[in-house]
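Trainee: here is my input, please return the structure:
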Amino acid sequence: MNYTLEDCQEIVDQWVNTIGVRYFSELTNTAILMEEVGELARIMARKFGDQSFKENEEDLNIAEEMADILFVLICLANQTGVQLEDAFIQSMKKKTQRDKNRHINNPKL
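Mentor: Below is the predicted model of the structure:
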């Protein structure tokens, strides 16, 4: 099944208001977001970087951590009135305009 970001925001809102009871505060959700990003960073450092997995870390899942990040980011968007689909479209327009020649002319790439 394919979901738009708008769909995802509605699904998360319904879940939070039923199963989750209510949203955590924006500050708490920001801290949770940082925790989730840290968990993804831990996997990335071990899978693609120089660190090795500990015995109890070998079953960590990149997709699951990314989905956790998306969930908390959607919570924050819902709490602050941000329509992520619109924001994403605007961000891509900005990046495309700003960077249309930047990367193609970068000799490092």
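Trainee: how long is stretch 47-67 from one end to the other?
Mentor: With CA to CA, to the nearest Å as the measure, stretch 47-67 spans 18 Å from end to end.
Trainee: now do stretch 97-104
Mentor: OK, stretch 97-104 end separation, CA to CA: 13 Å.
Trainee: so where is this structure shaky, pLDDT-wise?
Mentor: Judged by pLDDT under 70, the chain has its weakly predicted residues at 58.
Trainee: could I get the full set of helices for it?
Mentor: Ranges of helices within the chain are 5-18, 26-47, 62-80, 84-99, based on DSSP state H.
Trainee: which helices and strands sit right next to the second one?
Mentor: Right, helix 26-47. With contacts taken as 3 or more CB pairs under 8 Å, 6 or more residues apart in numbering; DSSP states H and E, helix 26-47 sits against helix 62-80. Just so you know, the C-beta spots here come from the backbone N, C-alpha and C atoms, and that holds for glycine as well.
Trainee: and for the helix it packs on, what's in contact with it?
Mentor: Outside helix 62-80, the residues within contact range by CB atoms under 8 Å, 6 or more residues apart in numbering are 8-9, 12-13, 16, 23-24, 26, 29-30, 32-33, 36-37, 39-40, 43-44, 47, 82-84, 87.
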